[in-house]
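> A structural model of the following input is requested.
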Amino acid sequence: MSMTPDQILDIISSHERWLQRRSGGARANLSGCNLADFNLAQVNLQSAKLSGAYMARAILSGADLSYSDMFCANLDGADLNHALLIRADLRGAFMRGSNLAGANLKEADLRGGALISGNLAAPATIIRSNIGQSDMDEADMGGANLSGTDLSHSSMIGATLEKTLLCGANLSGVNLEGANLQGADLSGANLSSARIIGANLSGANLSGALIHRTQFQKSELHGAILENVDLSTADLSGANLTSGDGRGLSRSLRDILHEHAVWIREQGRGGSRAQLAKTELTGIDVSDVNLSGADLREAILVSAVMRRTSLVMSDLSGSNLSGADLRDSELAGINLAGANLTNARIAGADLTSVELKGPDGQATGRLWVSNLSGAVLVNADLTGARLTGANLKGADLTGAKLARAQLKGADLDGARVTAQQLAQAIV
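Modelled structure (predicted):
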């Protein structure tokens, strides 16, 4: 149904009187109306009936549409910049390519809408809300229900999504840089190729979410739930997966370690390898944990407590282990090339080679040597450590304690180490 601008103005004027409880007022009913391309900037349509309205490309910047009924409305390409949509009913709404920058959608309902025909025998048609490819930078969607909503390839930089329901939502390719997703429910959501850099996801529920090439760099994942999530292709550079529970482990990280333990026990047939490359794990306590074969490349493990930890054939190349406690750990066949082990305590650790076996379980005669080439071991304590056959090419052992350290067959070509230090070792 099409309306003239004058008719629209009369309805809005009457609606404002209704909101103010003045005589002659009536609630605006624009359901099913064609309002495409109308300029309704700053208009007050709070609690108006707009279900099924066609409002494509309409200018609604700064408009107040709070508590309005916009069930299955079409707002494709609409300008809703800084509009108020608090608790609006937007179930089944289409808002593709719209501008929602700075809009307030607190507790709005954007779930799929069910259309029921006049034929009682016919099933209801479920229409999924679609806000794909929209601009929602700095939008406030705290507490909103976006379950199952299509938000793909939208820009949501700095958006507030605290305690927002996003279960089953399509967030593929979305830019959520700097967004607040604290306590949000993202269970079963599609986050593939999403850019979630520097975001706050503490306490968020990501169980069963699709994580494929998702960027979580420098994001806060303290206490996030990551059950049944494959992080193998995710970029967790600088992300925080720790908490202050005494061991420095968040529930999500415990899940990762549990899956890794299954992976080891089932020899790769079950569970999943711990993929923690570039992860922020400062001060973590994983003493007595089996992390053999884990991917910890360039991980931040400053002052980590890893006593008696098994890291056999794990990759920690380029990692920062300054001040870490690795005493009595099993580090055979480990890759610590270029790692920073300044002031690390490695006394009594086993850094010998691993004898490789064939598919039949028989020894092949080949050895997997522990690699510490280019590692910085300044002032590290290697007292009694077993480094037989280890690769220490170009390693910096300035001030390192080597008393009773076993260095027989170790490659020290280009290493910074004094004859006095070696005199204390078993060479």
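
> where does the protein dip in pLDDT?
The chain contains residues with pLDDT under 70 at 113-126, 242-252.

> could you rerun that using 50?
The model of the chain has pLDDT under 50 over residues 114-122, 124, 244-247.

> which residues in it form helices?
For the chain, the helices defined by DSSP state H cover 5-19, 251-265, 419-424.

> my understanding was that Ile346 contacts Arg386; is that so?
No. The criterion here is Cβ atoms under 8 Å, and Ile346 misses it with Arg386 at 10.3 Å. For the C-beta atoms, the positions are set from N, CA and C on the backbone; glycine is no exception.

> got the contact list for the closest residue to Ile131 other than its chain neighbours?
For Ile131, ignoring the flanking residues on the chain, the nearest one in space by Cβ to Cβ, 6 or more residues apart in numbering is Met95 at 4.4 Å. Going by Cβ atoms under 8 Å, 6 or more residues apart in numbering, Met95 touches Leu75, Asp76, Ala78, Leu80, Ser129, Asn130, Ile131, Ser134.

> and the helices of the chain as a markdown table, adding distance to Ser61 and mean neighbour count?
Below are those laid out as a markdown table (distance: least, Cβ to Cβ, whole Å; neighbours: other Cβ atoms under 10 Å):
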| stretch | distance to Ser61 | mean neighbour count |
| --- | --- | --- |
| helix 5-19 | 16 | 15 |
| helix 251-265 | 40 | 19 |
| helix 419-424 | 71 | 12 |
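
> for Ala239, find the nearest of the ones you listed.
Of all these, helix 251-265 sits nearest to Ala239, with 10.4 Å by Cβ to Cβ.

> show me which of Ile346 and Arg386 is the more surrounded one.
A direct count of neighbours by other Cβ atoms under 10 Å for Ile346 and Arg386 places Ile346 higher, at 28 against 21.

> for Met95, see how far away the more buried one is.
Distance of Ile346 to Met95, computed by Cβ to Cβ, to the nearest Å: 57 Å.

> same thing with Trp368?
Distance from Trp368 to Met95, by Cβ to Cβ: 56 Å.

> Gly102 too?
15 Å.

> got the contact list for the residue positioned nearest the centre of the chain?
Centrality entry for the chain: nearest residue to the mean C-alpha point is Phe216, 4.3 Å, by Cα atoms, centre = their mean. The neighbours of Phe216, taking Cβ under 8 Å, 6+ apart as the test, are Ile196, Ile197, Ala199, Leu201, Ala234, Asp235, Leu236, Ala239.

> isn't Gly77 right up against Ala56?
Yes. Assessed by Cβ under 8 Å, Gly77 is found in contact with Ala56 at 5.6 Å.

> pairing partners for the longest strand seen in the chain, with directions?
Secondary structure assigned by DSSP state E gives strand 363-368 as the longest strand of the chain. Note on strand 363-368: by DSSP bridges, its sheet partners are strand 354-357 (antiparallel).

> chain center to the strand it pairs with: distance?
The gap between where strand 354-357 is centred and where its chain is centred comes out at 37 Å by Cα atoms, centre = their mean, to the nearest Å.

> many thanks, I have nothing further to ask.
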